[in-house]
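>>> Sequence and computational prediction follow.
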Amino acid sequence: MKTQLSALILVLFMASLVSADCPVGDLNRDCLVNFYDFASLAVNWLEVEPNLPFGLVVINEVMAHSHAGEPDWIELYNTSGSMVDISNWYLSDSDSPLTKYKIPNGTTIPTNGYIVFYQYQHFGVDHGNNVPFALSENGESVYLSFPDITSNPKHVCDDIKFDASETGVSFGRYITSTGDVKFTAMDSNTPGQPNTYPKIGPIVINEIMYDPYEGSDAEYIELHNIEDYPVPLRVYDPCTEGYVPWIFTQGPNFSFDSPNDVNIPANGYLIVARNTSEFTSTYGSMPPGVQVLGPFANSTKLSNDGENVEISVPGDLDPCEPEVRYYIRIDNVRYSDGSHHQDFPGLDPWPKGPDNDGEALYRIDPALYGDDVNNWQAGEATPGY
């Protein structure tokens, strides 16, 4: 208790040194009160109470849709510069209880090291004092917790939520240019090793016109096939013995269920317009091979303030009955209009040009991760190119 009080006094002393022009609570002298001030508090608290390991060990990668006979697994990563003893910590796929799998006594993670727990050896096996569990291919959460050293309740050290996954594709931590932690599909599985780059494609969201000139209804989303082969936007489902279309799972309501086959040619483009006639009137005919589909369903539109736009492929029905359809994210971007500073650690980094100024947001490099402002910029609308 004395050490915690010392930490609080230290933090208050730091706050007293901040310029009088900055708000109370600004601990890192950026004249903002946000997550980074909390991080400053946590760092100084940990300096005087090193036995509290919040944030030192993180859930780094999970396999939730393994091949037949292969186990699910959970990878932990020690972010610190010293060994961490995780004896008697807990893993769970539920916050009630958090204590499904108790990590054995004597388990440690070396400096900047990894440890992997497997379904058939660890959390999925009845050891007599645990609740066996497996990870869901349709998405769920994973919790890492440890016994609090003062009051005994289990405290969550880290938790992540992941979406439905493709067979044999893991989800892992990826940190964006703004410091956001994303848990996304990985390009390859690396249990016990550093994560690879996120899985990109085959289809990416390449250009967004979310706020055309006032009075115009020419909103659109441009999709781009980054592969050297055509990609059909539907999959065959043996449960229904028919084809199921891709859809936008966030953003505008739209399903690629045209009576004709919808596919994007190799290295080609496709436009989804809110109003197809308004789009053609504004931008003219598209290059050969570029389809223009629309309108958005249910009178939906792209948000002028910013939102998440996500395109997904239908997953398997498993089991076939009851029929519950899950969708697997192929690409997404959470854009902003450049004026929502409260959502970022500082100024909103998104460009303001597309905000009712005739410009579009376009992806700088289609082969790089899309849900990061660092890979987007504003410019002249060029749908279909």
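Ah, there it is.

>>> For this protein, which residue occupies the most central location?
By C-alpha atoms, centre = their mean, the chain has its centre lying nearest to K182, at 3.9 Å.

>>> That residue: helix or strand, and which one exactly?
K182 is located in strand 181-185, with elements delineated by DSSP states H and E.

>>> buried set for that strand?
182-185 (16 or more other C-beta atoms under 10 Å). Backbone N, C-alpha and C define where each C-beta goes, glycine included.

>>> so where do the helices sit in the chain?
Using DSSP state H, the helices of the chain run over 2-17, 35-48, 276-283.

>>> which residues of the stretch 151-300 of the chain score low on pLDDT?
Applying pLDDT under 70 to the stretch 151-300 of the chain picks out residues 151-154, 259.

>>> Can you show me the strands along it?
In the stretch 151-300 of the chain, the strands defined using DSSP state E, counting those that start in this stretch lie at 154-163, 171-175, 181-185, 203-209, 220-225, 231-232, 234-237, 242-245, 247-250, 263-264, 269-273, 291-293.

>>> Go through those and name the closest to N374.
Of all the strands of the stretch 151-300 of the chain, it is strand 171-175 that lies closest to N374, at 11.4 Å by C-beta to C-beta.

>>> What strands flank the closest one, and is each parallel or antiparallel?
If you go by DSSP bridges, strand 171-175 pairs up with strand 57-63 (antiparallel), strand 181-185 (antiparallel).

>>> roughly how far is the shortest one from the heart of the chain?
Just to be clear, that refers to strand 181-185. Relative to the centre of its chain, strand 181-185 is centred 4 Å away, using C-alpha atoms, centre = their mean, to the nearest Å.

>>> swap in the longest one?
For strand 57-63, the distance between its averaged C-alpha position and the chain's averaged C-alpha position is 14 Å (C-alpha atoms, centre = their mean).

>>> Looks like Y213 contacts N356 (just checking).
Yes - proximity of Y213 to N356 meets the contact threshold set by C-beta atoms under 8 Å, at 6.8 Å.

>>> okay, these two: which has more neighbours?
Ranked by neighbour count (other C-beta atoms under 10 Å), Y213 and N356 place N356 first, with 15 against 10.

>>> give me every residue that touches the nearest residue to A64 once chain neighbours are set aside.
Of all residues not flanking A64 in the chain, L135 sits nearest, at 3.7 Å (C-beta to C-beta, 6 or more residues apart in numbering). The contact partners of L135, taken as C-beta atoms under 8 Å, 6 or more residues apart in numbering, are 62-64, 72, 74, 93, 119, 142.

>>> of all those residues, which two lie farthest apart?
Between any two of the contacts of L135 (C-beta to C-beta), the greatest distance is 13.1 Å, for M63 and D93.

>>> Tell me how many other residues crowd the residue lying closest to A218 once chain neighbours are set aside.
In this structure, A218 finds its nearest non-sequential neighbour in T282, 4.1 Å apart by C-beta to C-beta, 6+ apart. Residues lying near T282 (other C-beta under 10 Å) number 19.

>>> ok, T282 to N308 distance?
As defined by C-beta to C-beta, to the nearest Å, T282 lies at a distance of 25 Å from N308.

>>> what does V181 give?
16 Å.

>>> dump the residue contacts of the closest residue to I264 other than its chain neighbours.
Leaving aside its sequence neighbours, I264 sits nearest to N225 (C-beta to C-beta, 6+ apart; 4.0 Å). For N225, the contact set (C-beta under 8 Å, 6+ apart) comprises 201-203, 231, 264-270.

>>> give me the beta-bridge partners of N225?
Beta-bridge partners, per DSSP bridges, of N225: I203.

>>> all numbers from here: first residue = 5
Let's use 5 as the start, then, which means that last one is N229.

>>> Next, the contact list for Q123, please.
Going by C-beta under 8 Å, 6+ apart, the list of residues near Q123 reads 70, 75-77, 129, 138-139.

>>> which one of these sits closest to E384?
Distances from E384 to the contacts of Q123, taken by C-beta to C-beta, are shortest for L139, at 45.1 Å.

>>> For that closest one, give its distance to N92.
From L139 to N92 the distance is 22 Å (C-beta to C-beta).

>>> next one: G357
G357 sits 54 Å away from N92, going by C-beta to C-beta.

>>> what's the closest residue to G255 other than its chain neighbours in contact with, if anything?
Counting by C-beta to C-beta, 6+ apart, V313 is the residue found nearest to G255 once chain neighbours are left out, at 3.6 Å. Taking C-beta under 8 Å, 6+ apart, we find V313 in contact with 209, 212, 225, 252, 254-256, 306, 336-339.
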